[in-house]
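> Need the 3D shape of this:
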Amino acid sequence: MKGILTDTIVVGIDEAGLGPILGPLVVSAAVFSMPAEKISADMWDVLSDSISSNKKHLAGRLLICDSKKAYNSSIGTVHLEKTVLSCLKCLGKNPSSAADLVEVLGSDSSGKLAEYPWYKNIGQQKINFNADEISISAGAFEKNLGKNGMSLIALKSCCLEAAHYNELIRKVRNKSTVVFQIVCKLIDEIIHGTGHKNLIFKIDRQGGRTRYAQPLRTMFGDMELKVIKEAENLSSYQLSTSYKNVRIDFEVRADDIYLPASLASMASKYLREQLMVSLNGYFLEKCSKLKPTAGYWTDGKRFLNDLKTIAPHIRYNPSQLIRCR
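Reported below is the predicted structural model:
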């Protein structure tokens, strides 16, 4: 990245919940500032005193990796929670409930969530964590970042629930296009919400698409666009104005290669899991014989069938609960 000034931020963007038929789709961004000489460095190596990408031998360090490696049904959200809450602590934010989490992650959907009966009580859904452990982890991470001239400057999410997801699908008729629109919304918010001149975005490949020039021109018509590369594994673009230089890389496995994208993946998954706790709690409170669902296709279909056969007395709006695709 020769020529990039020290006034630079690196942003990772990734989603969770693209495949399920129940529960929200969440897209998040993790934003770091860093000096020019560290832009091409492996952040896991640079920050190895406080973080690791491997669950083994953490020795008190934070786990930052693709959420699919950080989470499974047996260990639950323990790693997601510690990492996301520690990073939010670095930003001076201390959510104690699911509602707080939605708010501090800056999701503009907090008002829309109130339309869903299963989210009406997320303010009472407490997040239980060891405050001292979070403070220690956050302090070590923040110190490690500062020692290397870096800082975490934002962690934010966009949350799209079923009814609003279905509404967008009806308009564009393509799931990947819906995700791309949310990604561009985050990009736009970050570009216009920071005084930094140079911005680098690392984003996981959007489906099988390799060409993004035309939709980027549509989304960012006030910026000059240059295609740097469009290849099988990496598509790179430069957006610029007289006062902003923006590099956008869509790369296969970005959430496994770049720490900011991994952190975004974990934030997305953690927020989605908190909202799934609320969704499951709502239905199980009305019928204890129901089993919770993760919302993915097979299990989601099983849950919907159970609602019909085990708990037919529970009334709900299908368009609010079930995604159309």
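> And the strands in the chain?
For the chain, the strands defined by DSSP state E occupy 8-16, 25-34, 51-52, 62-63, 151-160, 198-204, 224-230, 234-240, 245-251.
> Partner strands of the first one, with direction?
Right, the one you point to is strand 8-16. Using DSSP bridges, strand 8-16 pairs in its sheet with strand 25-34 (antiparallel), strand 198-204 (parallel).
> thinking again about what came up before, please produce JSON lines containing the strands of the chain, extended by distance to P260 and mean pLDDT.
Any C-beta I mention is one placed from the backbone N, CA and C, and that applies to glycine too. Shown next, in JSON lines, are the strands of the chain (distance: least, C-beta to C-beta, whole Å; pLDDT from 0 to 100):
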{"stretch": "strand 8-16", "distance to P260": "3", "mean pLDDT": "96"}
{"stretch": "strand 25-34", "distance to P260": "4", "mean pLDDT": "96"}
{"stretch": "strand 51-52", "distance to P260": "12", "mean pLDDT": "98"}
{"stretch": "strand 62-63", "distance to P260": "14", "mean pLDDT": "98"}
{"stretch": "strand 151-160", "distance to P260": "9", "mean pLDDT": "95"}
{"stretch": "strand 198-204", "distance to P260": "6", "mean pLDDT": "96"}
{"stretch": "strand 224-230", "distance to P260": "19", "mean pLDDT": "97"}
{"stretch": "strand 234-240", "distance to P260": "16", "mean pLDDT": "97"}
{"stretch": "strand 245-251", "distance to P260": "11", "mean pLDDT": "97"}
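> so which of these gets nearest R315?
For those, distance to R315 was read as C-beta to C-beta. The smallest value, 23.9 Å, belongs to strand 151-160.
> of all the strands of the chain, which lies closest to T309?
In this view, these are compared for proximity to T309 by C-beta to C-beta, and strand 25-34 is the closest at 27.7 Å.
> so who does S48 touch?
When the contact criterion is C-beta atoms under 8 Å, 6 or more residues apart in numbering, the partners of S48 are R61.
> What distance do you get for it to F141?
Going from S48 to F141 by C-beta to C-beta, to the nearest Å gives 12 Å.
> Ok, Q181 next?
Here Q181 is placed at a distance of 32 Å from F141 (C-beta to C-beta).
> out of these two, which sits in the busier spot?
Neighbour count, other C-beta atoms under 10 Å: between Q181 and F141, F141 has more, with 23 against 17.
> pLDDT below threshold where in the stretch 151-300 of the chain?
For the stretch 151-300 of the chain, no stretch is flagged by pLDDT under 70.
> quick one, helices of it?
In the stretch 151-300 of the chain, the segments counted as helices under DSSP state H, counting those that start in this stretch are 162-172, 175-193, 213-219, 254-257, 259-286, 297-309.
> Just send those helices back as a markdown table, with distance to S240 too.
Compiled in a markdown table, the helices of the stretch 151-300 of the chain are given as follows (distance: least, C-beta to C-beta, whole Å):
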| stretch | distance to S240 |
| --- | --- |
| helix 162-172 | 27 |
| helix 175-193 | 11 |
| helix 213-219 | 12 |
| helix 254-257 | 22 |
| helix 259-286 | 21 |
| helix 297-309 | 42 |
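> Buried deepest among the ones you listed, which one?
Compared across those, helix 259-286 shows the largest average neighbour count, a mean of 24 (mean count of other C-beta atoms under 10 Å).
> now the angle from that helix to strand 198-204?
For helix 259-286 against strand 198-204, the angle between stretch directions is 50 degrees (axes from the mean of the first three to the mean of the last three C-alpha atoms, to 10 degrees).
> where's S96 relative to V277, distance?
Between S96 and V277 the computed distance is 15 Å (C-beta to C-beta).
> what does S135 give?
S135 sits 24 Å away from V277, taking C-beta to C-beta as the criterion.
> residue contacts, I203?
I203 is in contact with 12-14, 183, 248-251, 254, 261, counting by C-beta under 8 Å, 6+ apart.
> so L225 makes contact with P215?
No. L225 is beyond contact range of P215, at 10.6 Å (criterion: C-beta atoms under 8 Å).
> Run a quick neighbour tally on the closest residue to L307 other than its chain neighbours.
Counting by C-beta to C-beta, 6 or more residues apart in numbering, L307 lies nearest to I314, which is 6.1 Å off, once chain neighbours are set aside. When neighbours are counted by other C-beta under 10 Å, I314 registers 13.
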